[in-house]
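**Student:** The following comprises the amino acid sequence and a computationally predicted model.
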Amino acid sequence: MFAANLRSEANPLPGYELLDGDRTVPILEANSPPRRALEGEQPGELRLCKRDPQSERQRWFEGSVRRIESPAEPVGGAVMVLRDITEREAAREQLKHAHDEALWEVGRRAEFVARTGHQVRTHLRAITGRADLLLLGDLEGEQRR
């Protein structure tokens, strides 16, 4: 967990991107939660991603941002408190992958059962059809068995 003091004139966390729905934006972009906090709102929760350009690994953070009100500081600011959720995000991604794989397997199994059922029914119809023909004929009791 770490905290960052935000001022309106500089990026407090170089290399970090704010997640806004399914897109990433600079931390102090207009209408971002930190920018809204600097403007006096209390925007609440946020999520950040830090990408390491060399290893292409990502670190995920979630936290909150709050405006700092101080009569001694005319400029004011905001504080952002973040906790590292990288392991939780990795587990969620693994779970999503396993879920998708399970759904694919269920589809394959259903297709197999449908094909196998069709093949079994075809042969059973042939057997029962011949049995019906034999039963319609003039067979003696011993021949019917």
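**Tutor:** Perfect, I can see it now. Residues are numbered from 1 along each chain as shown.
**Student:** quick one: average pLDDT of the longest helix along the chain?
**Tutor:** Counting residues, the longest helix found in the chain (DSSP state H) is helix 86-136. In this model, helix 86-136 carries a mean pLDDT of 86.
**Student:** what residue lies at the spatial centre of the protein?
**Tutor:** K96 (5.6 Å; C-alpha atoms, centre = their mean).
**Student:** Quick check: that residue vs E89, distance?
**Tutor:** Between K96 and E89 the distance, using C-beta to C-beta, to the nearest Å, works out to 10 Å. Heads up, the C-betas are built off the backbone N, CA and C, glycines and all.
**Student:** try A131
**Tutor:** 62 Å.
**Student:** Is T24 in a helix, a strand, or coil?
**Tutor:** Here T24 is strand, with the state taken from DSSP: H, G, I helix; E, B strand; the rest coil.
**Student:** Excluding sequence neighbours, find me the nearest residue to it.
**Tutor:** E17 (3.8 Å; C-beta to C-beta, 6 or more residues apart in numbering).
**Student:** how much space between that neighbour and R59?
**Tutor:** 11 Å.
**Student:** what does Q119 give?
**Tutor:** Taken as C-beta to C-beta, the span from Q119 to R59 is 53 Å.
**Student:** Quickly list the domain ranges of this protein.
**Tutor:** 2-84, 93-144 (automatic domain parsing).
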